[in-house]
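In: model this:
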Amino acid sequence: MSSVSRGSTAVICSVVFASLAACLVLARLIARLTILKFAGRDELAITVSLLSSIAFTVLICEQVKYGLGKHTSAVSLYELEQVRKYLWWSILCYNSSLTLTKISIVLQYLRVFVGPRIRYACWSTIWLIIIYGIWTIASAIFTCVPIAAFWDVNIHGRCIPHKFLWFFNAAVNIATDLTILILPMPVISTLRLPLKQKVGLMFIFALGGFVCLVSILRLRSLYIVSTSEDITWANTEAAIWSSIEVNTGIVCASLPTIKPVISWIFPRLLSSNRADQPTFITNGSHSQNRLGRTPVELADFGTTPKTISKVEVSNNPVGVTRDGSLQGGRLADDSSKGILIMTSVAQDVESRSEMGSEKDLVY
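Out: Next up is the predicted model:
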């Protein structure tokens with residue numbers, strides 16, 4: 001492959017994957033802010049992660065402008081310094097984006113899972129990711145002391161060996177990916193759901209496994225660039241794989257949240273016999289009803305044992321407690337049309353299973 005095509009490949013891959021990630025995050029924000037009117041800290045984290053990814057893409061383009069994809073012998077000393085300077089900045093953006101994407105995913109878990117054990121595990125994982133993120137960013141900043149020695153060949157400083165640093169960070173990165181992948185599986189496996197639905201849930205939560213695979217595939221390119229003196233040529237493949245890894249992480253983190261947008265744009269696409277029947281997972285069991293896009297959550301009905309009846313009036317659900325009081329809406333009279341009384345469920349909310357319901361995470 002020629003030097004021109006290597007550089008162009010890096011630019012095209014980075015722009016395409018960053019654009020895909022931006023589209024998914026935009027759809028996610030539309031779903032949460034416009035349709036569901038409910039956003040959380042995970043949206044903030046994924047948005048900042050996307051901004052870091054966009055900056056990472058711009059920095060790759062700047063590296064190509066100054067010689068990334070060419071042999072070192074074909075670039076000037078000034079161009080080499082510029083490539084290394086933009087590489088230094090790109091490593092910061094890469095690590096920031098990865099860290100924020102992981103945090104966003106686990107924050108999403110916290111919005112779904114209500115059991116104390118799984119929540120403790122989630123918070124422990126978040127703090128592990130934060131500590132790891134601080135390390136990766138700090139080690140990227142101070143790879144060389146003084147810092148400018150990373151790109152200025154005229155400055156003789158002390159630097160952490162790239163091979164050790166990059167492989168250590170990559171190993172911890174893969175370990176945290178696997179942790180996030182495994183974290184929800186024990187809870188999902190205990191749910192009394194139809195096998196097809198349980199597999200579907202596992203698939204949604206296991207989307208991060210693809211990112212983990214990309215991280216593993218990236219190791220080869222890291223080895224090449226860490227052992228090569230021809231950094232402008234060797235780093236092209238690593239830049240491509242790093243861009244794919246960062247942006248597929250954002251995509252996989254956002255995919256489970258965009259169903260409301262798909263239903264909004266293509267209302268008939270998901271309107272099969274069961275598509276309009278969201279599942280509410282409580283106490284290891286599940287109940288299904290036609291409630292449109294606004295699910296009723298048993299968690300919203302207090303903390304004492306109650307018998308809940310789900311009622312739909314023009315697609316707006318209301319809950320009726322045993323004492324006749326209303327929760328979540330106003331009950332119409334008998335002459336109202338379209339009232340559908342659902343099965344009553346005796347439920348002690350304090351003994352819910354380790355999985356709750358998120359406002360838009362309905363399967």
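In: what about residue 49, how many neighbours?
Out: By other C-beta atoms under 10 Å, the residues close to residue 49 number 27. Every C-beta, even on glycine, is put in place using the N, C-alpha and C of the backbone.
In: ugh, wrong one, I meant residue 213
Out: Residue 213 has 14 neighbouring residues, counting by other C-beta under 10 Å.
In: Give me the average confidence score over the helix or strand where it lies.
Out: Counting by DSSP states H and E, the element that carries residue 213 is helix 208-226. If you average the pLDDT over helix 208-226, you get 88.
In: Mind listing what's buried along it?
Out: By neighbour count with 16 or more other C-beta atoms under 10 Å, helix 208-226 contains the buried residues 208-209, 211-212, 214-215, 218-219, 221-226.
In: Give me the helices and strands touching the helix or strand harbouring residue 197, please.
Out: Using DSSP H and E, the element containing residue 197 is helix 195-205. Helices and strands touching helix 195-205, by 3 or more C-beta pairs under 8 Å, 6 or more residues apart in numbering; DSSP states H and E, are helix 185-189.
In: next one: the helix it packs on to chain centre, how far?
Out: 19 Å (C-alpha atoms, centre = their mean, to the nearest Å).
In: can you tell me the average pLDDT over that helix?
Out: For helix 185-189, the mean pLDDT works out to 82.
In: Stretch 236-248 now?
Out: Mean predicted lDDT for stretch 236-248 stands at 95.
In: okay, that stretch in PDB with CA atoms only?
Out: Extracted as PDB, the C-alpha positions of stretch 236-248 are listed here (Å, rounded to 0.1, in the frame of the first residue of the first chain):
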ATOM      1  CA  THR A 236      -1.100   4.300  10.700                       C
ATOM      2  CA  GLU A 237      -2.600   0.900  11.400                       C
ATOM      3  CA  ALA A 238      -2.700   1.600  15.200                       C
ATOM      4  CA  ALA A 239      -4.500   4.900  14.500                       C
ATOM      5  CA  ILE A 240      -7.100   3.100  12.400                       C
ATOM      6  CA  TRP A 241      -7.700   0.400  15.000                       C
ATOM      7  CA  SER A 242      -7.800   3.000  17.800                       C
ATOM      8  CA  SER A 243     -10.400   5.000  15.900                       C
ATOM      9  CA  ILE A 244     -12.500   1.900  15.300                       C
ATOM     10  CA  GLU A 245     -12.300   0.900  19.000                       C
ATOM     11  CA  VAL A 246     -13.300   4.300  20.400                       C
ATOM     12  CA  ASN A 247     -16.200   4.800  18.000                       C
ATOM     13  CA  THR A 248     -17.600   1.200  18.200                       C
END
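In: Name the residue closest to the centre of the protein, please.
Out: The centroid of the chain falls nearest to residue 253 when counting by C-alpha atoms, centre = their mean (2.2 Å).
In: isn't that residue right next to residue 108, touching?
Out: Yes: contact between residue 253 and residue 108 holds when scored by C-beta atoms under 8 Å: they sit 7.4 Å apart.
In: follow-up on the earlier one: mean confidence for the helix holding residue 197?
Out: Computed over helix 195-205, the average pLDDT equals 76.
In: now that helix against helix 208-226, angle please.
Out: Going by axes from the mean of the first three to the mean of the last three C-alpha atoms, to 10 degrees, helix 195-205 is angled at 30 degrees with respect to helix 208-226.
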